[in-house]
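> Sequence below, structure please.
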Amino acid sequence: MRSLVRLASFAAVALVAMNSVAFAHPGHGGGWIAGLVHPFSGLDHALAMVAVGLWAAQLGRPAIWLLPAVFPVVMAIGALLAVNGVTLPWVEVGIIASVVVFGGAVAFQVRWPLAASAALISLFALLHGHTHGTELPANGSALLYGAGFVAATLALHGIGIGVGILMRSPVALRTTGAAIAAVGLALIVLH
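Okay, the predicted model is just below:
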(Lines give C-alpha, C1' and ligand atoms only; values in the text may rest on other atoms or scores of the structure.)
Protein backbone atom coordinates (compact mmCIF):
# COMPACT_ATOMS: atom_id res chain seq x y z
CA MET A 1 0.00 0.00 0.00
CA ARG A 2 2.85 2.37 0.78
CA SER A 3 4.23 1.91 -2.72
CA LEU A 4 0.83 2.87 -4.17
CA VAL A 5 0.73 6.01 -2.04
CA ARG A 6 4.29 6.85 -3.14
CA LEU A 7 3.29 6.28 -6.76
CA ALA A 8 0.25 8.55 -6.35
CA SER A 9 2.44 11.18 -4.68
CA PHE A 10 4.96 10.94 -7.51
CA ALA A 11 2.16 11.34 -10.06
CA ALA A 12 0.88 14.42 -8.22
CA VAL A 13 4.37 15.97 -8.11
CA ALA A 14 4.86 15.18 -11.81
CA LEU A 15 1.52 16.81 -12.61
CA VAL A 16 2.54 19.94 -10.71
CA ALA A 17 5.96 19.97 -12.39
CA MET A 18 4.35 19.76 -15.85
CA ASN A 19 2.29 22.85 -15.14
CA SER A 20 2.98 26.51 -14.81
CA VAL A 21 1.08 28.90 -12.60
CA ALA A 22 0.08 30.84 -15.69
CA PHE A 23 -3.65 31.20 -15.96
CA ALA A 24 -3.82 31.60 -19.73
CA HIS A 25 -2.46 28.91 -22.00
CA PRO A 26 -2.40 30.19 -25.58
CA GLY A 27 0.04 29.16 -28.26
CA HIS A 28 -0.56 25.40 -28.52
CA GLY A 29 -1.54 25.51 -32.19
CA GLY A 30 -4.69 23.82 -33.46
CA GLY A 31 -6.17 20.35 -33.67
CA TRP A 32 -6.66 17.33 -31.46
CA ILE A 33 -3.17 17.25 -29.95
CA ALA A 34 -3.41 20.93 -28.99
CA GLY A 35 -6.73 20.29 -27.26
CA LEU A 36 -5.32 17.21 -25.55
CA VAL A 37 -2.31 19.14 -24.21
CA HIS A 38 -4.24 22.23 -23.16
CA PRO A 39 -5.80 21.03 -19.85
CA PHE A 40 -2.40 19.71 -18.71
CA SER A 41 -0.75 23.10 -19.33
CA GLY A 42 -2.38 24.96 -16.45
CA LEU A 43 -2.21 23.95 -12.82
CA ASP A 44 -5.66 25.41 -12.17
CA HIS A 45 -7.32 23.26 -14.84
CA ALA A 46 -5.44 20.08 -14.04
CA LEU A 47 -5.95 20.17 -10.27
CA ALA A 48 -9.66 20.98 -10.53
CA MET A 49 -10.25 18.09 -12.91
CA VAL A 50 -8.26 15.62 -10.79
CA ALA A 51 -10.18 16.83 -7.71
CA VAL A 52 -13.49 16.08 -9.46
CA GLY A 53 -12.30 12.50 -9.89
CA LEU A 54 -11.17 12.28 -6.27
CA TRP A 55 -14.52 13.60 -5.04
CA ALA A 56 -16.43 11.22 -7.30
CA ALA A 57 -14.39 8.27 -6.02
CA GLN A 58 -14.97 9.39 -2.44
CA LEU A 59 -18.74 9.57 -3.03
CA GLY A 60 -18.94 6.17 -4.74
CA ARG A 61 -21.78 5.03 -6.96
CA PRO A 62 -23.47 6.60 -8.86
CA ALA A 63 -21.38 9.77 -8.43
CA ILE A 64 -18.19 7.95 -9.46
CA TRP A 65 -19.40 7.83 -13.05
CA LEU A 66 -22.00 10.63 -13.13
CA LEU A 67 -19.89 13.59 -11.93
CA PRO A 68 -16.98 12.90 -14.31
CA ALA A 69 -19.51 12.51 -17.14
CA VAL A 70 -21.35 15.76 -16.34
CA PHE A 71 -18.16 17.83 -16.26
CA PRO A 72 -17.06 17.41 -19.93
CA VAL A 73 -20.62 17.72 -21.27
CA VAL A 74 -21.19 21.06 -19.52
CA MET A 75 -17.60 22.10 -20.30
CA ALA A 76 -18.37 21.62 -24.02
CA ILE A 77 -21.46 23.83 -23.61
CA GLY A 78 -19.28 26.52 -22.01
CA ALA A 79 -16.83 26.31 -24.93
CA LEU A 80 -19.70 26.67 -27.41
CA LEU A 81 -20.92 29.76 -25.56
CA ALA A 82 -17.45 31.32 -25.80
CA VAL A 83 -17.04 30.45 -29.49
CA ASN A 84 -20.40 32.12 -30.16
CA GLY A 85 -19.36 35.31 -28.38
CA VAL A 86 -21.28 34.84 -25.12
CA THR A 87 -19.33 36.31 -22.23
CA LEU A 88 -19.47 35.07 -18.67
CA PRO A 89 -18.39 37.03 -15.61
CA TRP A 90 -15.52 36.00 -13.34
CA VAL A 91 -14.35 33.09 -15.50
CA GLU A 92 -10.69 33.05 -14.41
CA VAL A 93 -11.53 33.66 -10.75
CA GLY A 94 -14.18 30.94 -10.94
CA ILE A 95 -11.69 28.46 -12.39
CA ILE A 96 -9.24 29.10 -9.58
CA ALA A 97 -12.10 28.93 -7.04
CA SER A 98 -13.02 25.53 -8.46
CA VAL A 99 -9.64 24.19 -7.30
CA VAL A 100 -10.38 25.38 -3.76
CA VAL A 101 -13.99 24.18 -3.78
CA PHE A 102 -13.35 20.72 -5.26
CA GLY A 103 -10.27 20.20 -3.07
CA GLY A 104 -12.31 21.34 -0.07
CA ALA A 105 -15.15 18.96 -0.98
CA VAL A 106 -12.68 16.08 -0.78
CA ALA A 107 -10.97 17.40 2.36
CA PHE A 108 -14.26 17.84 4.23
CA GLN A 109 -15.90 14.73 2.73
CA VAL A 110 -18.83 16.77 1.43
CA ARG A 111 -21.76 14.43 0.77
CA TRP A 112 -24.47 16.49 -0.87
CA PRO A 113 -27.37 14.97 -2.76
CA LEU A 114 -26.26 13.88 -6.22
CA ALA A 115 -28.22 16.66 -7.96
CA ALA A 116 -26.56 19.35 -5.83
CA SER A 117 -23.09 17.88 -6.45
CA ALA A 118 -23.80 17.73 -10.20
CA ALA A 119 -25.03 21.34 -10.15
CA LEU A 120 -21.81 22.49 -8.47
CA ILE A 121 -19.73 20.50 -10.96
CA SER A 122 -21.78 22.03 -13.81
CA LEU A 123 -21.24 25.59 -12.64
CA PHE A 124 -17.48 25.24 -12.62
CA ALA A 125 -17.42 23.08 -15.77
CA LEU A 126 -19.20 25.87 -17.63
CA LEU A 127 -16.41 28.27 -16.63
CA HIS A 128 -13.64 25.82 -17.55
CA GLY A 129 -15.28 25.22 -20.91
CA HIS A 130 -15.72 28.90 -21.55
CA THR A 131 -12.05 29.58 -21.06
CA HIS A 132 -11.15 26.66 -23.35
CA GLY A 133 -13.46 28.15 -25.95
CA THR A 134 -11.93 31.62 -25.69
CA GLU A 135 -8.43 30.14 -25.99
CA LEU A 136 -9.35 28.16 -29.09
CA PRO A 137 -6.45 28.46 -31.53
CA ALA A 138 -7.16 30.45 -34.69
CA ASN A 139 -5.50 27.79 -36.83
CA GLY A 140 -6.94 24.29 -36.70
CA SER A 141 -10.22 22.53 -36.21
CA ALA A 142 -12.42 23.67 -33.33
CA LEU A 143 -14.09 20.25 -33.29
CA LEU A 144 -10.78 18.36 -33.07
CA TYR A 145 -9.43 20.78 -30.47
CA GLY A 146 -12.63 20.35 -28.42
CA ALA A 147 -12.43 16.56 -28.69
CA GLY A 148 -8.84 16.76 -27.45
CA PHE A 149 -9.62 18.84 -24.39
CA VAL A 150 -12.62 16.65 -23.54
CA ALA A 151 -10.39 13.54 -23.78
CA ALA A 152 -7.77 15.19 -21.55
CA THR A 153 -10.46 16.18 -19.06
CA LEU A 154 -11.71 12.59 -18.90
CA ALA A 155 -8.11 11.39 -18.42
CA LEU A 156 -7.59 13.83 -15.53
CA HIS A 157 -10.88 12.74 -13.96
CA GLY A 158 -9.70 9.14 -14.40
CA ILE A 159 -6.43 9.94 -12.61
CA GLY A 160 -8.43 11.39 -9.72
CA ILE A 161 -10.75 8.39 -9.60
CA GLY A 162 -7.81 5.99 -9.72
CA VAL A 163 -5.94 7.75 -6.95
CA GLY A 164 -9.15 8.02 -4.92
CA ILE A 165 -9.78 4.29 -5.22
CA LEU A 166 -6.17 3.33 -4.50
CA MET A 167 -6.00 5.55 -1.41
CA ARG A 168 -7.78 3.30 1.00
CA SER A 169 -7.06 5.67 3.86
CA PRO A 170 -9.74 8.35 4.26
CA VAL A 171 -7.13 10.49 6.00
CA ALA A 172 -4.78 10.31 2.99
CA LEU A 173 -7.64 11.19 0.63
CA ARG A 174 -8.76 14.09 2.80
CA THR A 175 -5.16 15.31 3.08
CA THR A 176 -4.83 15.21 -0.71
CA GLY A 177 -8.02 17.26 -1.02
CA ALA A 178 -6.71 19.77 1.52
CA ALA A 179 -3.43 20.05 -0.41
CA ILE A 180 -5.33 20.74 -3.64
CA ALA A 181 -7.45 23.38 -1.89
CA ALA A 182 -4.29 24.96 -0.44
CA VAL A 183 -2.73 25.19 -3.90
CA GLY A 184 -5.97 26.81 -5.09
CA LEU A 185 -5.72 29.39 -2.33
CA ALA A 186 -2.13 30.10 -3.33
CA LEU A 187 -3.26 30.54 -6.95
CA ILE A 188 -5.87 33.05 -5.78
CA VAL A 189 -3.16 35.05 -4.01
CA LEU A 190 -0.92 34.88 -7.11
CA HIS A 191 -3.78 35.94 -9.36
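> Next, the buried residues of stretch 52-65.
52-59, 63-64 (16 or more other C-beta atoms under 10 Å). (Each C-beta comes from the backbone N, C-alpha and C, glycine too.)
> mind showing which ranges of the protein have poor pLDDT?
Per-residue confidence for the chain (pLDDT under 70) gives these ranges: 1-29.
> Spatially central residue (nearest the centroid) of it, please.
Note on the chain: the residue nearest the mean C-alpha position is Met49, at 1.7 Å, using C-alpha atoms, centre = their mean.
> Quick check: next helix or strand after the one helix or strand it maps to?
Here Met49, judged by DSSP states H and E, is contained in helix 43-59. The helix or strand immediately downstream of helix 43-59 is helix 63-83, counting by DSSP H and E.
> Quick check: next helix or strand after that following helix?
helix 91-107.
> name the helices or strands packed onto that following helix?
helix 43-59, helix 114-134, helix 170-190 (3 or more C-beta pairs under 8 Å, 6 or more residues apart in numbering; DSSP states H and E).
> Check which helix or strand the nearest residue to the residue nearest to the centre of the chain once chain neighbours are set aside maps to.
Nearest residue to Met49 in three dimensions, chain neighbours excluded: Leu156, at 3.6 Å (C-beta to C-beta, 6 or more residues apart in numbering). Taking DSSP H and E as the definition, Leu156 sits inside helix 142-166.
> Fine, thanks again, bye for now.
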